[in-house]
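What shape does this take:
(chains A and B)
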Amino acid sequence: MTTPIAQFGEFLQRDRSWHPPAYTPGYKTSVLRSPQKALISIENSLSEITGPLFSRDELGALDNDLILNYAKDGLPIGERILVHGYVLDEHGKPVPNALVEVWQANASGRYRHKNDRYIAPIDPNFGGCGRTLTDENGYYFYRTVKPGPYPWRNNINDWRPAHIHYSIFASGFAQRLITQMYFEGDPLIPGCPIVRSISNEEAVRGLIAQLDRGAFVALDSMAYRFDIVVRGARATLFENHIQGAK
Amino acid sequence: MFTEVNKPVYLKETASQTAGPYVHIGLAPQQAGFDIFENNFGNVLVTPETKGERIRLEGRVFDGSGAIIRDVLLEIWQANAAGRYNHPADRQQGKELDPSFRGWGRACSDFDTGVYSFETIKPGPVVGRHGKVMAPHINMWIVARGINIGLNTRVYFSDEEQANAADPIINGIEWVERRKTLIAQRSEENGQAVYRFDVYIQGPDETVFFDV
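Reported below is the predicted structural model:
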């Protein structure tokens, strides 16, 4: 090994000021669901640097095609879009075989979920979830319809900007991440209490997918580009390696 | 003026956002009320071939008012019965991999009762930092509506008193009184070992959460 950054190793410390804090009263549900005591910081051990690994044969052929994976007797209503990008670590290294799971509302802003009571209709041909593994270059893509904005009970007239939820697995359980992707130009983004749980504007910009004309499919679909960064491994200069680890 | 040619450049980790109330659609669609994937990830980590003592890990998650959180999603990650993780970074000597045990599971609290559960095996001890053996434990990650960034904790076992007393992570918790929030309580139900692990997100009994 010529580089001090091992394939697996302890992770760079998480920058908690970049992420939303637990307690963000503008997003009311966080008030009673936020730990009040300080997190206990621990050195990474095998328990943190390892994590579940996934393989292609666990996924179905249409798992990354939300336009077709729940189509019953027609296609879902909505703007057809492709979403694509790379999963990278903090060193800029591509992360292959990362499991990317996504879920979203349909084009009218309604979720296929027994707890969603919004008046907008369920789309009989749209499930609203998908998943894919990044390839050897860390690249992923899926096809869907653009989700609609919807109202939610926080302040009485709050509306979520259009968004797609993401769940990411890289190679270590300490890299586990859930986030939301927004769409360039959506005027609802700046006022959203969930977006505003993040205080750093640059961190918010990292959640906004950009229209990608180069990836449009002519006469078929628009495209958005969304890259994801997961924690990278620390350099291991002059350091004891984690006992029992590679 | 100097330009900072050699300034090291790191990308920033993508910022977290809450999993929201509809996390089940993406991660557990059957609980959301529909069937879409052929292969669903779930709360059963064992097959008949898996080595080790069968256990059920179950509990509830409470908010700061003492109410049960019924829309939580939990994941666990653990070593096998020999104390080895099914991962290429684990090179512990003399511990066999168990091909029928991945060690990862995902569960949701029940919308009515709020109870979550996992069917798994009791893990063996794993060597920790500085050669100190860690007591058997299960790593747990919790997300839900209102939780802005996933919460990491560890589940230890009430019948491992000696190992727990020597565990470097438990001992690193300065507040001795808080250590007990990480201990799952063992009981037997119809011959099955059950460990109860309730999580308190906030309040006087707040569970210890880790910045890993």
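
Only the buried residues of the host helix or strand of A:R143, if you could.
For A:R143, the element it lies in under DSSP states H and E is strand A:139-145. By neighbour count, with 16 or more other C-beta atoms under 10 Å in any protein chain shown as the criterion, the buried positions of strand A:139-145 are A:Y140, A:F141, A:Y142, A:R143, A:T144, A:V145. Just so you know, the C-beta spots here come from the backbone N, C-alpha and C atoms, and that holds for glycine as well.

cool, and stretch B:192-211?
For stretch B:192-211, burial by neighbour count (16+ other C-beta under 10 Å) applies to B:193-203, B:206-210.

Any idea how many residues pack against B:L57?
Other residues lying near B:L57 total 27 when counted by other C-beta atoms under 10 Å in any protein chain shown.

how close does it get to B:I25?
As judged by C-beta to C-beta, to the nearest Å, B:L57 and B:I25 stand 25 Å apart.

Now do the SS call for the residue nearest the centre of chain A.
Closest residue to the average C-alpha location of chain A: A:Y166 at 2.6 Å, with C-alpha atoms, centre = their mean. What DSSP: H, G, I helix; E, B strand; the rest coil gives for A:Y166 is strand.

per-residue confidence at the residue lying closest to A:I208 once chain neighbours are set aside?
Nearest residue to A:I208 in three dimensions, chain neighbours excluded: A:Y182, at 4.8 Å (C-beta to C-beta, 6 or more residues apart in numbering or on different chains). Note on A:Y182: pLDDT of 98.

Check the gap between A:Y182 and B:P88 for me.
In terms of C-beta to C-beta, A:Y182 sits 35 Å off from B:P88.

between these two, which one's more packed in?
Taking other C-beta under 10 Å, A:Y182 and B:P88 do not tie; A:Y182 has more neighbours (23 against 13).

so what's the more buried one up against?
Neighbouring residues of A:Y182 by C-beta atoms under 8 Å, 6 or more residues apart in numbering or on different chains: A:P161, A:A162, A:H163, A:I189, A:V195, A:L207, A:I208, A:A209.

My read is that B:T14 contacts A:I178, right?
No. B:T14 is beyond contact range of A:I178, at 10.1 Å (criterion: C-beta atoms under 8 Å).

what bridges to the residue in chain A that chain B sits nearest to?
Relative to chain B, the nearest point of chain A is A:W103 (2.8 Å; C-beta to the nearest C-beta). Assessed by DSSP bridges, A:W103 has beta-bridge partners A:C129, A:H165.

where does the chain dip in pLDDT?
As the question left the chain open, I've gone with chain A. Along chain A, segments meeting pLDDT under 70 span A:1-4, A:239-241, A:243, A:246.

actually chain B
In chain B, residues with pLDDT under 70: B:1.

Go again with 80.
B:1-3 (pLDDT under 80).

So which residues of chain A form helices?
Using DSSP state H, the helices found in chain A span residues A:46-49, A:201-205.

Which stretch among these is buried most, on average?
For the helices of chain A, the largest average neighbour count (mean count of other C-beta atoms under 10 Å in any protein chain shown) is found in helix A:46-49, namely a mean of 26.

just checking, what packs against that one?
Identification of packing neighbours for helix A:46-49 by 3 or more C-beta pairs under 8 Å, 6 or more residues apart in numbering or on different chains; DSSP states H and E yields strand B:126-127.

Pull the distance from the strand it packs on to the chain's centre.
Taking C-alpha atoms, centre = their mean, to the nearest Å, one finds strand B:126-127 lying 17 Å from the centre of the chain it belongs to.

Tell me if that strand is near chain A.
Yes. Counting by C-beta under 8 Å from any C-beta of the partner chain, chain A has neighbours in strand B:126-127: B:V126, B:V127.

quick one: contacts of that strand?
Contact with strand B:126-127 is made by A:S45, A:L46, A:S47, A:Q243, A:G244, B:A79, B:G83, B:R84, B:Y85, B:Q92, B:V133, B:M134, as judged by C-beta under 8 Å, 6+ apart.

show me what contacts the second one?
Taking C-beta under 8 Å, 6+ apart, we find A:L46 in contact with A:I242, A:G244, A:A245, B:A79, B:Y85, B:A89, B:D90, B:Q92, B:V126, B:V127, B:G128.

same deal with the last one?
Listed by C-beta under 8 Å, 6+ apart, the contact set of B:M134 reads A:S45, A:S47, B:P125, B:V126, B:V127, B:G128, B:D167, B:P168, B:I169.
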